[in-house]
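Chemist: got a predicted structure plus its sequence, pasted below:
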Amino acid sequence: MNNLVFQKDRELDLIAVGRLGVDLNANEIHRPMEETLTFTKYLGGSPANIAVAISRLGLKAGFIGRVADDQLGRFITNYLKDNNIDSSSVVIDKSGAKTGLAFTEIKSPTDCSILMYRSDAVDLRLEVGDIKEEYIKNSKAILISGTALAASPSREACFAAVELARKNKTVVFFDIDYRPYTWKSVEETAIYYSLLAEKCDVIIGTREEFDMLEMFSNPGNKDDFVTAKKWFDFNAKIMVIKHGKEGSYAYTLERDKFTGSVFPVIPVKTFGAGDSYAGGFIYGLMQGYDPGKAMEIGAASASIVVSSHSCSDAMPGIDKIRRFIDQYDGEKAYDVENI
Ligand SMILES: Nc1ncnc2c1ncn2[C@@H]1O[C@H](COP(=O)(O)OP(=O)(O)O)[C@@H](O)[C@H]1O
Ligand SMILES: O=C(O)C[C@@H](O)[C@H](O)C(=O)COP(=O)(O)O
C-alpha cells in the first residue's frame, strides 16, 4: 500500500511530458568515440524512455511533446505507436527545429559518456497551447521530466500541465533529470526546479540533483531526511533519493522510510539506469505496492537495462523483471537477452 490516490476510470495511466529524442549508441563498445565507426539508432529522451518502460510493463502510456517534421520525427512517432503509446498529444513542429541527439560513448562498463546535440532542440518548443486539459483529465498520472523546464516555451507548458493535473486530481510525478548542458546557469536551474517541485506529489532525483535544488534553501545539506521534509512541507507525498549503484531511499509524508534493494551487476553501460528505475517504480506504485516493493521493481529493471545496449528498446516487462529477481546471483555480467 502507498499514500497516492489514483483516480479510477481513466483511459491513460501515465502521460510523460517533455523530451522525445534519438539515442545513437556506439556499436563498437570499449572504444573512445573518436574511433567509433557505427552507431545504432534508438528512441531516446528520458521521459520517452520512461513511457516505453510503463508501456512494456502493461500500463497505458501517453505523451505530450513536440517532434520535428522530418524523418527522425517520424521515426519517433512510429516507435511510440509500435509500443502502444498514445501519441495524440505529440505535436509535429513546423518551425524547422531539430530532434535532440544523444551520441553515447561506452569506453568501459563504468566509463560512459553522452555527447548531446541540442541546439534549437524541438522538444523545447512545446507550448502552453499544446497542453489539453481533457487529455490530462483522462490520465491517472503525469510525469514531468525536469529538462523540459530549461527554456521557454516548454517551461511554461510544464507549469500549465502541472496546474491542470492538480485541478483534475491527476497525480504529478517529477523526475529531476538534470542535464547541465541544457541550462544557462545552475542558479536558474535551482529556481525553476524548486518552483515546480513545490507542486508535485512524488519527486525522484539523485543526491547530487537534490544538492542543486537546495542550493539556496539548504546549502551544504547531505541529509536525505532533511531534503524529504522540505518538500513534504509543500505537496510531496513520496520522495525518492537515489545514490547510484549504492541504492535508493524513499520517504513518505507519514514519516516512513524505505530502503530500496539494489541488484548490482557488471553493466554494459551506465546510462538508462534512472529511466528504467523510474518506470519500474511508478508502475509499482500504480499497482498499489508500498514504496519498498516499487523500488525493488525499479532497481531490477535498471539492472536489466544497464546490462543491455539500449535504453528504450531494452525496457523489460514484469515477467522478465520477476525472472531476473529470481535468478539474481550476485554482481556479474548478465545475459539479459535470455532471461
Ligand atoms: N551498476 C548498476 N548495477 C545495478 N543497478 C544499478 C547500477 N547502477 C544503477 N543501478 C540502479 O539504478 C538506480 C538508479 O541509478 P542512478 O545511477 O542513481 O540514476 P541516474 O541514472 O538517474 O543517475 C539505482 O538506485 C540502482 O538501483
Ligand atoms: O535523455 C536523453 O536525452 C538521453 C537518454 O535517452 C539516454 O539514454 C540517457 O541519458 C538515459 O538517462 P538515465 O536513465 O538518467 O541514465
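Modeler: Perfect, I can see it now. Ligands and ions are numbered 1, 2, ... in the order given.
Chemist: and the helix or strand harbouring residue 203, what does it pack onto?
Modeler: Element membership for residue 203, per DSSP states H and E: strand 202-206. With contacts taken as 3 or more C-beta pairs under 8 Å, 6 or more residues apart in numbering; DSSP states H and E, strand 202-206 sits against strand 171-175, strand 238-242, helix 273-286. Using the backbone N, CA and C atoms, a C-beta is placed for each residue, glycine as well.
Chemist: try 6 Å
Modeler: Judged by 3 or more C-beta pairs under 6 Å, 6 or more residues apart in numbering; DSSP states H and E, strand 202-206 is in contact with strand 171-175, strand 238-242.
Chemist: okay, now the sheet partners of that strand, with direction.
Modeler: Take DSSP bridges as the rule and strand 202-206 pairs in its sheet with strand 171-175 (parallel), strand 238-242 (parallel).
Chemist: of all the helices and strands packed on strand 202-206, which lies closest to residue 18?
Modeler: Ranking the helices and strands packed on strand 202-206 by distance to residue 18, with C-beta to C-beta as the measure, places strand 171-175 first at 9.1 Å.
Chemist: quick one: the closest one to helix 273-286, angle?
Modeler: 160 degrees (axes from the mean of the first three to the mean of the last three C-alpha atoms, to 10 degrees).
Chemist: and residue 212, how far from residue 179?
Modeler: Distance of residue 212 to residue 179, computed by C-beta to C-beta, to the nearest Å: 11 Å.
Chemist: to clarify, my last question referred to residue 315.
Modeler: From residue 315 to residue 179 the distance is 20 Å (C-beta to C-beta).
Chemist: more neighbours: the two, which one.
Modeler: Ranked by neighbour count (other C-beta atoms under 10 Å), residue 315 and residue 179 place residue 315 first, with 27 against 18.
Chemist: any idea how far the more buried one lies from residue 85?
Modeler: Applying C-beta to C-beta, the value for residue 315 to residue 85 is 11 Å.
Chemist: do the same with residue 258
Modeler: Counting by C-beta to C-beta, the gap from residue 258 to residue 85 is 29 Å.
Chemist: between those two, which one's more packed in?
Modeler: The residue with more neighbours, out of residue 258 and residue 85, is residue 85; 24 against 20, by other C-beta under 10 Å.
Chemist: what sits against that one?
Modeler: 51, 55, 61, 63 (C-beta atoms under 6 Å, 6 or more residues apart in numbering).
Chemist: show me the contacts for the third one.
Modeler: Residue 61 makes contacts with 14, 51, 54-55, 85, as judged by C-beta under 6 Å, 6+ apart.
Chemist: circling back to that earlier point, adding distance to residue 267, write the helices and strands packed on strand 202-206 out as TSV.
Modeler: Rendered in TSV, the data for the helices and strands packed on strand 202-206 read as follows (distance: least, C-beta to C-beta, whole Å):
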stretch	distance to residue 267
strand 171-175	20
strand 238-242	16
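Chemist: could you dump the ones you listed to a markdown table with distance to residue 227, mean neighbour count and mean pLDDT?
Modeler: Formatted as a markdown table, those follow (distance: least, C-beta to C-beta, whole Å; neighbours: other C-beta atoms under 10 Å; pLDDT from 0 to 100):
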| stretch | distance to residue 227 | mean neighbour count | mean pLDDT |
| --- | --- | --- | --- |
| strand 171-175 | 14 | 25 | 98 |
| strand 238-242 | 6 | 26 | 98 |
